[in-house]
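In: Sequence first, then the predicted structure, then my questions.
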Amino acid sequence: MREMGGDQVEEAVAGCVAALRPVVDGDWAGVKAGRLDWNCRETAAHIASDLIAYAGQLAGRAQQAYVPFEITLDGTDDGLDPADNPGILHVIETTGALLAAAVRTAPREVRAFHPYPFRSANREGFAAMGIAEVLLHTHDITEGLGLSYEPSAELADGVLTRIFPHVQPGPTPWSTLLWATGRGDLPGRAPVTDWRWNNNLVIPAGRLTLQGLSPAAARDLRLGGDGGFEWIDGGPFEGTREAAGMLVKAYEAGVHRPEWGVFALVRTEDGRAVGGMGFHGAPDEDGRTEIGYDLVESARGHGYATEALRALSEWALARDGIRSLFATVERDNVPSQAVVSRAGFTQVSADGDEFAYELRG
(Lines give C-alpha, C1' and ligand atoms only; values in the text may rest on other atoms or scores of the structure.)
Protein backbone atom coordinates (compact mmCIF):
# COMPACT_ATOMS: atom_id res chain seq x y z
CA MET A 1 0.00 0.00 0.00
CA ARG A 2 1.34 3.43 -0.94
CA GLU A 3 1.43 5.45 2.25
CA MET A 4 0.39 9.07 2.60
CA GLY A 5 3.77 10.22 3.85
CA GLY A 6 6.65 12.66 3.62
CA ASP A 7 7.07 12.31 -0.14
CA GLN A 8 3.45 13.33 -0.69
CA VAL A 9 3.79 16.32 1.67
CA GLU A 10 6.80 17.50 -0.33
CA GLU A 11 4.96 16.94 -3.62
CA ALA A 12 2.03 19.08 -2.44
CA VAL A 13 4.32 21.86 -1.24
CA ALA A 14 6.34 21.79 -4.48
CA GLY A 15 3.11 22.14 -6.47
CA CYS A 16 2.04 25.10 -4.35
CA VAL A 17 5.35 26.90 -4.82
CA ALA A 18 5.41 26.17 -8.55
CA ALA A 19 1.91 27.60 -8.96
CA LEU A 20 2.64 30.80 -7.01
CA ARG A 21 6.24 31.60 -7.96
CA PRO A 22 5.33 33.15 -11.34
CA VAL A 23 3.26 35.83 -9.56
CA VAL A 24 5.54 36.75 -6.64
CA ASP A 25 5.63 40.33 -7.89
CA GLY A 26 1.87 40.71 -7.49
CA ASP A 27 -0.05 42.42 -4.70
CA TRP A 28 -1.06 39.40 -2.61
CA ALA A 29 -2.22 41.52 0.31
CA GLY A 30 -4.65 43.44 -1.88
CA VAL A 31 -6.44 40.40 -3.35
CA LYS A 32 -9.00 38.21 -1.61
CA ALA A 33 -8.22 34.48 -1.65
CA GLY A 34 -11.10 32.80 -3.47
CA ARG A 35 -14.16 32.47 -1.25
CA LEU A 36 -12.22 33.11 1.96
CA ASP A 37 -12.26 36.27 4.06
CA TRP A 38 -8.45 36.30 4.07
CA ASN A 39 -6.33 37.93 1.43
CA CYS A 40 -3.81 35.87 -0.53
CA ARG A 41 -0.88 36.87 1.68
CA GLU A 42 -2.73 35.88 4.84
CA THR A 43 -3.76 32.59 3.27
CA ALA A 44 -0.18 31.77 2.31
CA ALA A 45 0.90 32.49 5.89
CA HIS A 46 -1.88 30.19 7.09
CA ILE A 47 -0.50 27.33 4.97
CA ALA A 48 2.87 27.70 6.67
CA SER A 49 1.25 27.96 10.11
CA ASP A 50 -0.66 24.73 9.58
CA LEU A 51 2.39 22.86 8.35
CA ILE A 52 4.53 23.84 11.35
CA ALA A 53 1.63 23.16 13.73
CA TYR A 54 1.13 19.63 12.42
CA ALA A 55 4.88 18.98 12.47
CA GLY A 56 5.14 20.13 16.07
CA GLN A 57 2.06 18.23 17.15
CA LEU A 58 3.25 14.95 15.65
CA ALA A 59 6.93 15.30 16.60
CA GLY A 60 6.03 16.23 20.18
CA ARG A 61 3.35 13.50 20.34
CA ALA A 62 1.02 15.80 22.26
CA GLN A 63 -1.88 13.81 23.68
CA GLN A 64 -4.21 16.18 25.50
CA ALA A 65 -4.26 19.51 23.69
CA TYR A 66 -3.67 21.19 20.36
CA VAL A 67 -0.74 23.60 20.46
CA PRO A 68 -1.36 26.49 18.03
CA PHE A 69 1.48 27.86 15.93
CA GLU A 70 1.18 31.02 13.90
CA ILE A 71 3.63 32.24 11.30
CA THR A 72 4.07 36.02 11.47
CA LEU A 73 5.29 37.52 8.22
CA ASP A 74 4.85 41.23 8.89
CA GLY A 75 8.02 41.99 10.87
CA THR A 76 8.43 42.65 14.58
CA ASP A 77 9.67 45.32 16.93
CA ASP A 78 13.16 43.83 16.95
CA GLY A 79 13.92 45.24 13.52
CA LEU A 80 13.17 42.24 11.30
CA ASP A 81 11.91 43.16 7.87
CA PRO A 82 8.49 41.89 6.74
CA ALA A 83 8.63 38.87 4.47
CA ASP A 84 8.12 39.56 0.79
CA ASN A 85 6.23 37.14 -1.43
CA PRO A 86 9.31 35.06 -2.34
CA GLY A 87 10.08 34.90 1.37
CA ILE A 88 6.60 33.57 2.10
CA LEU A 89 7.14 30.77 -0.40
CA HIS A 90 10.45 29.95 1.25
CA VAL A 91 8.68 29.69 4.62
CA ILE A 92 6.11 27.33 3.10
CA GLU A 93 8.92 25.16 1.72
CA THR A 94 10.67 25.15 5.10
CA THR A 95 7.61 24.26 7.15
CA GLY A 96 6.65 21.63 4.58
CA ALA A 97 10.09 20.04 4.99
CA LEU A 98 9.57 19.97 8.77
CA LEU A 99 6.21 18.20 8.45
CA ALA A 100 7.66 15.73 5.94
CA ALA A 101 10.48 14.94 8.37
CA ALA A 102 8.08 14.52 11.30
CA VAL A 103 5.92 12.13 9.27
CA ARG A 104 8.91 10.09 8.11
CA THR A 105 10.37 9.68 11.59
CA ALA A 106 7.15 8.98 13.53
CA PRO A 107 6.54 5.25 14.15
CA ARG A 108 3.34 3.89 12.62
CA GLU A 109 1.66 3.41 16.01
CA VAL A 110 2.31 6.96 17.26
CA ARG A 111 -0.76 9.16 17.58
CA ALA A 112 -0.98 12.81 18.59
CA PHE A 113 -3.89 15.02 19.52
CA HIS A 114 -6.20 16.49 16.92
CA PRO A 115 -9.81 17.33 17.73
CA TYR A 116 -11.61 16.11 14.62
CA PRO A 117 -13.42 13.91 15.23
CA PHE A 118 -11.96 11.29 17.58
CA ARG A 119 -9.26 13.34 19.34
CA SER A 120 -6.16 11.90 17.68
CA ALA A 121 -4.42 11.21 14.38
CA ASN A 122 -1.50 9.05 13.25
CA ARG A 123 1.30 10.01 10.89
CA GLU A 124 -0.85 9.38 7.80
CA GLY A 125 -3.58 11.54 9.27
CA PHE A 126 -1.22 14.45 9.90
CA ALA A 127 0.28 14.07 6.44
CA ALA A 128 -3.20 14.06 4.86
CA MET A 129 -4.31 17.08 6.89
CA GLY A 130 -1.19 19.01 5.93
CA ILE A 131 -1.59 18.10 2.27
CA ALA A 132 -5.26 19.10 2.38
CA GLU A 133 -4.34 22.52 3.75
CA VAL A 134 -1.72 23.01 1.04
CA LEU A 135 -3.92 21.89 -1.85
CA LEU A 136 -7.06 23.73 -0.79
CA HIS A 137 -5.44 27.02 0.17
CA THR A 138 -3.25 27.02 -2.93
CA HIS A 139 -6.53 26.72 -4.82
CA ASP A 140 -7.93 29.68 -2.86
CA ILE A 141 -4.88 31.84 -3.62
CA THR A 142 -4.70 30.95 -7.30
CA GLU A 143 -8.43 31.53 -7.68
CA GLY A 144 -7.98 35.00 -6.20
CA LEU A 145 -5.02 35.76 -8.45
CA GLY A 146 -6.72 34.41 -11.56
CA LEU A 147 -4.38 31.45 -12.06
CA SER A 148 -5.10 27.85 -13.01
CA TYR A 149 -4.12 25.15 -10.52
CA GLU A 150 -4.90 21.47 -10.18
CA PRO A 151 -2.88 19.00 -8.12
CA SER A 152 -2.39 15.38 -9.10
CA ALA A 153 -5.41 13.11 -8.87
CA GLU A 154 -3.34 10.78 -6.69
CA LEU A 155 -2.76 13.47 -4.05
CA ALA A 156 -6.42 14.47 -3.97
CA ASP A 157 -7.54 10.83 -3.80
CA GLY A 158 -5.07 10.18 -0.98
CA VAL A 159 -6.63 12.98 1.05
CA LEU A 160 -10.19 11.85 0.34
CA THR A 161 -9.61 8.19 1.17
CA ARG A 162 -7.86 8.98 4.46
CA ILE A 163 -9.64 11.92 6.07
CA PHE A 164 -12.89 12.22 4.08
CA PRO A 165 -14.16 8.62 4.39
CA HIS A 166 -17.75 9.84 4.65
CA VAL A 167 -17.64 11.55 1.23
CA GLN A 168 -18.82 9.53 -1.75
CA PRO A 169 -16.32 9.54 -4.64
CA GLY A 170 -17.28 11.83 -7.50
CA PRO A 171 -16.27 12.33 -11.14
CA THR A 172 -12.66 13.18 -10.24
CA PRO A 173 -10.84 13.27 -6.88
CA TRP A 174 -10.00 16.98 -7.18
CA SER A 175 -13.52 18.10 -8.05
CA THR A 176 -14.83 15.92 -5.21
CA LEU A 177 -12.41 17.42 -2.69
CA LEU A 178 -13.34 20.95 -3.76
CA TRP A 179 -17.04 20.13 -3.40
CA ALA A 180 -16.54 18.42 -0.04
CA THR A 181 -14.88 21.56 1.35
CA GLY A 182 -17.38 24.07 0.01
CA ARG A 183 -15.25 25.21 -2.92
CA GLY A 184 -17.09 23.77 -5.88
CA ASP A 185 -20.20 22.11 -7.21
CA LEU A 186 -20.95 18.55 -8.27
CA PRO A 187 -23.92 17.52 -10.40
CA GLY A 188 -26.72 16.07 -8.31
CA ARG A 189 -25.21 17.10 -4.98
CA ALA A 190 -26.24 19.96 -2.75
CA PRO A 191 -23.62 22.62 -2.02
CA VAL A 192 -21.53 22.04 1.11
CA THR A 193 -21.60 24.86 3.65
CA ASP A 194 -20.16 23.12 6.72
CA TRP A 195 -17.54 20.40 6.74
CA ARG A 196 -14.96 18.55 8.81
CA TRP A 197 -12.48 15.87 7.96
CA ASN A 198 -12.43 12.57 9.83
CA ASN A 199 -9.32 10.89 11.17
CA ASN A 200 -9.71 7.21 11.97
CA LEU A 201 -11.14 6.01 15.27
CA VAL A 202 -8.88 4.02 17.61
CA ILE A 203 -10.36 2.10 20.57
CA PRO A 204 -8.13 0.68 23.34
CA ALA A 205 -8.82 -2.96 24.22
CA GLY A 206 -6.40 -4.28 26.82
CA ARG A 207 -3.52 -5.89 24.94
CA LEU A 208 -4.86 -4.55 21.64
CA THR A 209 -6.00 -1.41 19.94
CA LEU A 210 -8.85 -1.44 17.43
CA GLN A 211 -7.76 0.82 14.57
CA GLY A 212 -10.44 1.94 12.14
CA LEU A 213 -9.71 1.23 8.48
CA SER A 214 -9.73 4.14 6.08
CA PRO A 215 -11.13 3.57 2.59
CA ALA A 216 -7.52 3.60 1.35
CA ALA A 217 -6.53 0.81 3.75
CA ALA A 218 -9.68 -1.17 3.00
CA ARG A 219 -9.13 -0.87 -0.73
CA ASP A 220 -5.59 -2.19 -0.37
CA LEU A 221 -6.71 -5.13 1.81
CA ARG A 222 -9.45 -6.02 -0.66
CA LEU A 223 -6.85 -6.15 -3.44
CA GLY A 224 -4.56 -8.46 -1.49
CA GLY A 225 -2.30 -5.92 0.23
CA ASP A 226 -1.57 -5.38 3.91
CA GLY A 227 -3.66 -2.23 4.37
CA GLY A 228 -0.65 -0.42 5.79
CA PHE A 229 -0.35 -2.79 8.77
CA GLU A 230 2.36 -5.22 9.76
CA TRP A 231 0.60 -8.56 10.15
CA ILE A 232 1.68 -11.62 12.08
CA ASP A 233 2.44 -14.68 9.99
CA GLY A 234 -0.59 -15.88 8.06
CA GLY A 235 -2.45 -12.58 8.11
CA PRO A 236 -4.68 -11.02 7.21
CA PHE A 237 -7.34 -13.71 7.29
CA GLU A 238 -9.84 -13.96 4.44
CA GLY A 239 -12.72 -12.64 6.55
CA THR A 240 -10.88 -9.37 7.10
CA ARG A 241 -10.39 -8.97 3.36
CA GLU A 242 -14.09 -9.63 2.75
CA ALA A 243 -15.07 -7.08 5.39
CA ALA A 244 -12.71 -4.55 3.81
CA GLY A 245 -14.46 -5.13 0.49
CA MET A 246 -17.82 -4.40 2.15
CA LEU A 247 -16.38 -1.14 3.50
CA VAL A 248 -15.17 -0.11 0.06
CA LYS A 249 -18.60 -0.79 -1.45
CA ALA A 250 -20.26 1.33 1.24
CA TYR A 251 -17.75 4.12 0.65
CA GLU A 252 -18.32 4.08 -3.10
CA ALA A 253 -22.09 4.13 -2.53
CA GLY A 254 -21.83 7.11 -0.17
CA VAL A 255 -23.28 5.27 2.84
CA HIS A 256 -20.08 4.55 4.78
CA ARG A 257 -20.04 5.83 8.36
CA PRO A 258 -16.45 5.50 9.58
CA GLU A 259 -17.27 4.78 13.22
CA TRP A 260 -19.41 1.82 12.11
CA GLY A 261 -16.83 0.33 9.81
CA VAL A 262 -14.02 -2.21 10.13
CA PHE A 263 -11.12 -2.23 12.58
CA ALA A 264 -7.75 -3.92 12.51
CA LEU A 265 -6.82 -5.60 15.80
CA VAL A 266 -3.27 -4.48 16.59
CA ARG A 267 -1.15 -5.77 19.47
CA THR A 268 0.20 -2.99 21.65
CA GLU A 269 3.34 -4.95 22.52
CA ASP A 270 4.71 -5.03 18.99
CA GLY A 271 2.32 -3.08 16.73
CA ARG A 272 1.45 -6.15 14.65
CA ALA A 273 -2.07 -6.82 13.42
CA VAL A 274 -3.66 -10.11 14.48
CA GLY A 275 -7.17 -9.87 13.03
CA GLY A 276 -10.15 -7.78 12.07
CA MET A 277 -13.44 -6.82 13.70
CA GLY A 278 -16.26 -4.48 12.85
CA PHE A 279 -19.83 -3.80 11.93
CA HIS A 280 -21.79 -4.91 8.90
CA GLY A 281 -23.14 -1.37 8.61
CA ALA A 282 -24.54 1.54 10.57
CA PRO A 283 -27.33 0.80 13.09
CA ASP A 284 -30.83 0.45 11.67
CA GLU A 285 -33.90 2.43 12.72
CA ASP A 286 -34.27 0.17 15.74
CA GLY A 287 -30.74 0.94 16.94
CA ARG A 288 -29.47 -2.53 16.03
CA THR A 289 -26.37 -3.55 14.11
CA GLU A 290 -24.43 -6.74 13.41
CA ILE A 291 -20.86 -7.31 14.48
CA GLY A 292 -18.32 -9.77 13.07
CA TYR A 293 -14.67 -10.68 13.52
CA ASP A 294 -11.86 -13.04 12.66
CA LEU A 295 -8.31 -13.73 13.79
CA VAL A 296 -5.22 -14.93 12.01
CA GLU A 297 -4.93 -18.63 12.88
CA SER A 298 -1.68 -18.22 14.80
CA ALA A 299 -3.32 -15.59 17.05
CA ARG A 300 -6.22 -17.77 18.14
CA GLY A 301 -6.55 -19.17 21.63
CA HIS A 302 -4.99 -16.16 23.39
CA GLY A 303 -8.16 -14.24 24.30
CA TYR A 304 -7.62 -11.46 21.78
CA ALA A 305 -11.05 -11.75 20.16
CA THR A 306 -12.83 -11.65 23.53
CA GLU A 307 -10.94 -8.53 24.66
CA ALA A 308 -11.60 -6.76 21.37
CA LEU A 309 -15.28 -7.74 21.24
CA ARG A 310 -15.88 -6.51 24.76
CA ALA A 311 -14.22 -3.17 24.02
CA LEU A 312 -16.00 -2.63 20.70
CA SER A 313 -19.36 -3.64 22.16
CA GLU A 314 -18.92 -1.29 25.10
CA TRP A 315 -18.01 1.55 22.75
CA ALA A 316 -20.98 0.88 20.46
CA LEU A 317 -23.60 0.57 23.19
CA ALA A 318 -22.47 3.87 24.69
CA ARG A 319 -23.52 5.69 21.48
CA ASP A 320 -26.85 7.50 21.46
CA GLY A 321 -29.71 5.49 20.01
CA ILE A 322 -27.89 2.13 20.00
CA ARG A 323 -29.99 -0.54 21.67
CA SER A 324 -28.45 -3.86 20.70
CA LEU A 325 -25.72 -5.72 18.86
CA PHE A 326 -26.07 -9.13 17.30
CA ALA A 327 -23.73 -11.71 15.85
CA THR A 328 -24.20 -14.95 13.94
CA VAL A 329 -21.89 -17.91 14.49
CA GLU A 330 -21.77 -21.18 12.61
CA ARG A 331 -23.12 -24.12 14.59
CA ASP A 332 -19.84 -26.04 14.42
CA ASN A 333 -17.65 -23.03 15.33
CA VAL A 334 -17.43 -23.73 19.05
CA PRO A 335 -14.45 -21.40 19.75
CA SER A 336 -16.33 -18.41 18.26
CA GLN A 337 -19.43 -19.28 20.27
CA ALA A 338 -17.25 -19.15 23.38
CA VAL A 339 -15.94 -15.72 22.38
CA VAL A 340 -19.36 -14.11 22.04
CA SER A 341 -20.55 -15.74 25.25
CA ARG A 342 -17.54 -14.48 27.21
CA ALA A 343 -18.13 -11.02 25.77
CA GLY A 344 -21.65 -11.00 27.25
CA PHE A 345 -23.77 -11.97 24.26
CA THR A 346 -26.73 -14.30 24.77
CA GLN A 347 -27.91 -16.89 22.27
CA VAL A 348 -31.36 -15.91 21.02
CA SER A 349 -32.02 -18.35 18.18
CA ALA A 350 -30.73 -21.30 16.19
CA ASP A 351 -31.46 -21.25 12.46
CA GLY A 352 -30.09 -24.02 10.29
CA ASP A 353 -26.31 -24.00 10.47
CA GLU A 354 -26.06 -20.79 12.50
CA PHE A 355 -26.67 -19.57 16.04
CA ALA A 356 -27.70 -15.95 16.61
CA TYR A 357 -26.44 -14.00 19.63
CA GLU A 358 -27.50 -10.61 21.01
CA LEU A 359 -26.12 -8.08 23.45
CA ARG A 360 -28.46 -5.36 24.64
CA GLY A 361 -27.50 -2.01 26.12
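Out: That came through, no problem. Numbering: from 1, shown residues only.

In: from here on, contacts and neighbour counts on C-alpha atoms
Out: Will do.

In: what helix or strand is Ile88 on?
Out: helix 85-105 (DSSP states H and E).

In: partner strands of the helix or strand hosting Ala327, parallel or antiparallel?
Out: Here Ala327, judged by DSSP H and E, is contained in strand 324-330. Paired with strand 324-330 in the same sheet, following DSSP bridges, are strand 288-295 (parallel), strand 354-360 (antiparallel).

In: hmm, back to that, for the helix or strand just after the helix holding Ile88, what is the distance to the chain centroid?
Out: As assigned by DSSP H and E, the chain's next helix or strand after helix 85-105 is helix 123-145. Centre-to-centre, helix 123-145 and its host chain are 15 Å apart (Cα atoms, centre = their mean, to the nearest Å).

In: Stretch 303-318 now?
Out: That offset, for stretch 303-318, works out to 22 Å (Cα atoms, centre = their mean).

In: I would like the residues contacting that stretch, please.
Out: Stretch 303-318 has contacts (Cα atoms under 8 Å, 6 or more residues apart in numbering) with 203-210, 265, 277, 293-295, 322-325, 339-340, 342-344, 360-361.

In: Regarding the nearest residue to Val134 once chain neighbours are set aside, which helix or strand does it belong to?
Out: The shortest distance from Val134 to any non-neighbouring residue, by Cα to Cα, 6 or more residues apart in numbering, is to Ile47 (6.0 Å). If you go by DSSP H and E, Ile47 is part of helix 40-60.

In: Does anything pack onto that helix? Which helices or strands?
Out: helix 85-105, helix 123-145 (3 or more Cα pairs under 8 Å, 6 or more residues apart in numbering; DSSP states H and E).

In: need the next SSE after the longest one, C-terminal direction.
Out: For helix 123-145, the following helix or strand on the C-terminal side (DSSP H and E) is helix 153-163.

In: Determine the angle, from 0 to 180 degrees, between that next one and helix 123-145.
Out: Angle between the axes of helix 153-163 and helix 123-145 is 130 degrees (criterion: axes from the mean of the first three to the mean of the last three Cα atoms, to 10 degrees).

In: ok, back up a step: would you pull up how far the helix holding Ile47 lies from the middle of the chain?
Out: For helix 40-60, the distance to the chain centre is 19 Å (Cα atoms, centre = their mean).

In: Quick check: buried residues in it?
Out: 40-59 (16 or more other Cα atoms under 10 Å).

In: ok, back up a step: select only the buried ones of the contacts of stretch 303-318 in ChimeraX?
Out: Selection of buried members from the contacts of stretch 303-318 for ChimeraX, criterion 16+ other Cα under 10 Å:
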select :203,204,205,208,209,210,265,277,293,294,295,322,323,324,325,339,340,342,343,344
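
In: and the contacts of stretch 303-318, which of them are in strands?
Out: Taking DSSP state E, the ones among these that sit in strands are 203-205, 208-210, 265, 277, 293-295, 324-325, 360.

In: thought Glu109 was touching Asn122?
Out: Yes: with contact defined as Cα atoms under 8 Å, Glu109 reaches Asn122; the gap is 7.0 Å.

In: Give me the residues contacting the helix or strand of the chain with the lowest mean pLDDT.
Out: Every helix and strand of the chain was ranked by mean pLDDT, DSSP states H and E. The lowest is strand 346-351, at a mean of 92. Residues from elsewhere that reach strand 346-351, judged by Cα under 8 Å, 6+ apart: Val340, Phe355, Ala356, Tyr357, Glu358, Leu359.

In: Which positions within it qualify as buried?
Out: Applying 16+ other Cα under 10 Å to strand 346-351 flags Thr346, Gln347 as buried.

In: Now do stretch 169-185: distance to the chain's middle.
Out: 17 Å.

In: What's the end-to-end length of it?
Out: Counting by Cα to Cα, to the nearest Å, you get 13 Å between the two ends of stretch 169-185.

In: now do stretch 275-285
Out: 29 Å.

In: same thing with stretch 174-192?
Out: 15 Å.

In: Distance from that stretch to the middle of the chain?
Out: Taking Cα atoms, centre = their mean, one finds the center of stretch 174-192 at 19 Å from the center of the full chain.

In: again with stretch 63-72
Out: 20 Å.

In: and Ala282, how far is that from Thr289?
Out: Ala282 is 6 Å from Thr289, by Cα to Cα.

In: Would you agree Gly158 is in contact with Arg2?
Out: No: the pair Gly158 / Arg2 is not scored as a contact, 9.3 Å apart, by Cα under 8 Å.

In: What are the buried residues along the host helix or strand of Leu247?
Out: Assigned by DSSP H and E, Leu247 belongs to helix 238-253. Buried positions in helix 238-253, judged by neighbour count with 16+ other Cα under 10 Å: 238-241, 243-252.

In: if we take those, which one ends up nearest to Gly271?
Out: Among the buried residues of helix 238-253, Thr240 lies closest to Gly271 (Cα to Cα), at 17.5 Å.

In: Give me the distance between that closest one and His114.
Out: Taking Cα to Cα, one finds Thr240 at 28 Å from His114.

In: next one: Met246
Out: On the measure of Cα to Cα, Met246 and His114 end up 28 Å apart.

In: And for Leu359?
Out: Leu359 is 32 Å from His114, by Cα to Cα.

In: ditto for Arg162
Out: 15 Å.

In: Over to Thr161?
Out: Going from Thr161 to His114 by Cα to Cα gives 18 Å.

In: Kindly report the same for Ala101.
Out: 19 Å.

In: again with Gly212
Out: According to Cα to Cα, Gly212 stands 16 Å off from His114.

In: Tell me which residues touch the closest residue to Glu269 other than its chain neighbours, please.
Out: Excluding the flanking residues, the one nearest Glu269 by Cα to Cα, 6+ apart is Arg207, at 7.3 Å. Shown in contact with Arg207 (Cα under 8 Å, 6+ apart): Arg267, Thr268, Glu269, Tyr304, Glu307.
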